[in-house]
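Undergrad: The amino acid sequence is not available; the structure is as follows:
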Ligand SMILES: Cc1cc2nc3c(=O)[nH]c(=O)nc-3n(C[C@H](O)[C@H](O)[C@H](O)COP(=O)(O)OP(=O)(O)OC[C@H]3O[C@@H](n4cnc5c(N)ncnc54)[C@H](O)[C@@H]3O)c2cc1C
């Protein structure tokens, strides 16, 4: 599962409306999804499994799928429909899970851990829940051995090794591998083969289950945080007694016996 996101270096905040202006930003593959795709490609290289890349998004997300097929994915499916617009993570997970089910028998679902434009990290676990399969999160590497997948999970202060039967969903951490480049030959093949497009009818999903109507999340308010001003003060050794007194009076520090 990959998502096209605006290039973070090219989006800016409208100074009047305080909204994200994405119009000028280039669409890129969400960085963690590049790592998820690379991991899936490594598994495909070793096992010969078929690799299908799916994304839910507007028609222009097709370019991201062509790029994935240019790197070696076998099929690209764009889940696109006006009724899918403004989906929260619940409706997004429901829709993606319906697409995975429609693909048919599968062993692995591989997603990024989170995105750079919304970054909830809900969607991978949400899809696993709707598919009623196990999930392994924070994966940095994995290989398939017969019916099982062996994964390494990065737990910040430890690496956990997990072996689990398939089918299972993995969420992959950003920067966990070096994504390969696409080749021109494979991209031309992808354009010739074409991207499949699925809408709510194809997925047999009623319109009020998806998109805005199917989204229980309500944004109650939007507040712009006050910019906090920070001041620097240059001090010399001679200033220290005065500075300690000032910090004591402000309650920032206490006397030794009070601590
Ligand atoms: C409170 C709230 C309100 C929102 N309101 C709106 C709104 O009104 N309109 C609107 O358009 N969006 C809205 N969104 C954003 C929308 O929920 C997300 O774009 C979408 O559900 C994906 O969530 P995420 O980016 O946090 O993905 P994450 O959970 O961070 O993504 C994890 C992984 O899931 C996969 N994934 C995620 N999204 C997709 C996808 N579309 N296709 C394929 N794979 C995917 C990728 O592998 C990704 O790395 C809102 C989000 C929140 C939190």
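TA: Sure thing, it's come through. These numbers were taken from a predicted model, which means no experiment stands behind them.

Undergrad: how about the lengthiest strand in the chain, does it get close to the ligand?
TA: In terms of residue count, the longest strand belonging to the chain (DSSP state E) is strand 134-145. No: residues of strand 134-145 are not located near the ligand by CB under 6 Å from any ligand atom, the shortest gap being 10.2 Å. Using the backbone N, CA and C atoms, a C-beta is placed for each residue, glycine as well.

Undergrad: Would you mark the buried spots in that strand?
TA: Of all the residues in strand 134-145, those buried under the rule 16 or more other CB atoms under 10 Å are 135, 136, 137, 138, 139, 140, 141, 142, 144.

Undergrad: can you check stretch 242-252 too?
TA: Buried residues in stretch 242-252, defined by neighbour count with 16+ other CB under 10 Å: none.

Undergrad: One more: stretch 202-210?
TA: 203, 205, 209, 210.

Undergrad: now swap in stretch 103-113 and tell me
TA: In stretch 103-113, counting by 16+ other CB under 10 Å, buried: 106, 108, 109, 110, 111, 112, 113.

Undergrad: and the ligand, which of those contact it?
TA: 111, 112.

Undergrad: In the buried residues of stretch 202-210, find the pair that's most separated.
TA: 203 and 209 (9.7 Å; CB to CB).

Undergrad: Now for residue 184, how many residues are close by?
TA: 8 (other CB atoms under 10 Å).

Undergrad: can you check residue 115 too?
TA: Residue 115 - counted by other CB under 10 Å - has 20 other residues nearby.

Undergrad: contacting residues around the residue lying closest to it once chain neighbours are set aside?
TA: Counting by CB to CB, 6 or more residues apart in numbering, the nearest residue to residue 115 once its immediate chain neighbours are dropped is residue 30, at 4.7 Å. Listed by CB atoms under 8 Å, 6 or more residues apart in numbering, the contact partners of residue 30 are 2, 3, 4, 5, 112, 115, 116, 117.

Undergrad: possible to save these as CSV with pLDDT and secondary structure?
TA: Converted to CSV, the contacts of residue 30 look like this (pLDDT from 0 to 100; DSSP: H, G, I helix; E, B strand; the rest coil):
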residue, pLDDT, secondary structure
2, 98, coil
3, 98, coil
4, 97, strand
5, 95, strand
112, 98, strand
115, 97, coil
116, 94, coil
117, 90, coil
